[in-house]
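S.K.: Sharing a model that was predicted from the sequence below.
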Amino acid sequence: MSQITPQLTNMWDKSHESWFVKDKEFRFMYANPVFIKVNKLPENFNVIGYTDKELPTLFNNFAHLFEEHDRKVLQSMQKVSSIGAYLPDNGQKLKSYSCDKYPLMDENNQCMGIIGHAKAINHFSLYDYIKNDSSTSVRLSPPNNILTAKEWVIIFLFCRGVSNKFIASEMKISCRSLEKYFKIIYDKLSIGSMTELRLLCKENNYDLYIPPKYSQATGHFLL
């Protein structure tokens with residue numbers, strides 16, 4: 001397996017933000033001291049060979065989401081961004097963070113793994129992060145009352161770009177039931193396809209709404 005260049009690890013070791021590298025099997029190849037500290041791992045803990053699920057961290061219950069993001073990086077060979085929030089053990093207020101993942105290429109321009117870069121963000125500026133636009137407004141209430149609270153959660157997850165299988169799992173319903181929900185949503189919004197739904201959400205800023213479940217409690221989702 002190709003090795004990570006010392007130039008990169010030296011830079012990451014000195015960074016005040018969290019950096020890590022995984023191989024194409026989603027096993028850690030490297031993590032900097034900030035990653036170790038943020039995840040409350042022992043100071044000299046060696047992450048090499050571990051998966052997200054195996055690491056004893058605050059975030060290992062999101063391992064299935066992290067791996068979904070990793071797959072998207074390897075499939076698209078493009079940056080994949082996500083945001084998350086968690087409640088610290090010490091009872092402090094909700095903390096939010098962003099995470100960008102990129103393909104890591106070797107000297108022969110072959111992908112050898114995934115670079116991850118996570119950093120803290122102000123919880124109420126995460127919309128600015130989503131749109132990269134300082135004029136973006138926070139939406140903490142549903143855009144309208146046409147849809148039910150459950151249907152707005154489906155819209156929220158749909159706008160994050162996750163699979164229908166994941167949405168069904170997150171909603172604790174069957175894929176068949178999810179299809180019925182989408183049909184109801186189409187009828188209420190007078191549209192006929194997912195393409196139309198995506199355009200409608202963009203045009204009406206429905207994609208800026210985050211339900212209470214995701215804005216006020218622990219969560220992690222794709223942008």
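M.R.: Looks like it came in fine.

S.K.: CA only for contacts and neighbour counts going forward, please
M.R.: Fine.

S.K.: wait, is residue 119 part of a helix?
M.R.: No - secondary structure of residue 119 (DSSP: H, G, I helix; E, B strand; the rest coil): strand, not part of a helix.

S.K.: Next one: it, what pLDDT does it get?
M.R.: For residue 119, the pLDDT comes out at 85.

S.K.: For beta bridges, what are the partners of it?
M.R.: With DSSP bridges applied, residue 119 shows beta-bridge pairing to residue 98.

S.K.: who's in contact with the residue nearest to residue 114 when sequence neighbours are not counted?
M.R.: Leaving out its chain neighbours, the residue that sits closest to residue 114 by Cα to Cα, 6 or more residues apart in numbering is residue 103, at 4.7 Å. By Cα atoms under 8 Å, 6 or more residues apart in numbering, the residues touching residue 103 are 73, 74, 77, 78, 79, 111, 112, 113, 114, 115.

S.K.: Where does the prediction get shaky in this protein?
M.R.: Low-confidence segments of the chain (pLDDT under 70): 1-2, 85-95, 121-140, 214-223.

S.K.: the helices in it, which residues?
M.R.: Along the chain, counting by DSSP state H, helices occupy 6-14, 33-38, 63-76, 126-131, 149-159, 164-171, 175-189, 194-203, 212-215.

S.K.: In TSV: the ones you listed, plus distance to residue 46 and mean neighbour count.
M.R.: Shown next, in TSV, are the helices of the chain (distance: least, Cα to Cα, whole Å; neighbours: other Cα atoms under 10 Å):
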stretch	distance to residue 46	mean neighbour count
helix 6-14	14	12
helix 33-38	9	18
helix 63-76	18	17
helix 126-131	32	17
helix 149-159	35	19
helix 164-171	31	16
helix 175-189	40	14
helix 194-203	43	14
helix 212-215	32	15
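
S.K.: To residue 22, which of those helices lies closest?
M.R.: Closest approach to residue 22 among those (Cα to Cα): helix 63-76, 8.9 Å.

S.K.: how big is the angle separating that closest one from helix 164-171?
M.R.: Using axes from the mean of the first three to the mean of the last three Cα atoms, to 10 degrees, the inter-axis angle of helix 63-76 relative to helix 164-171 is 160 degrees.
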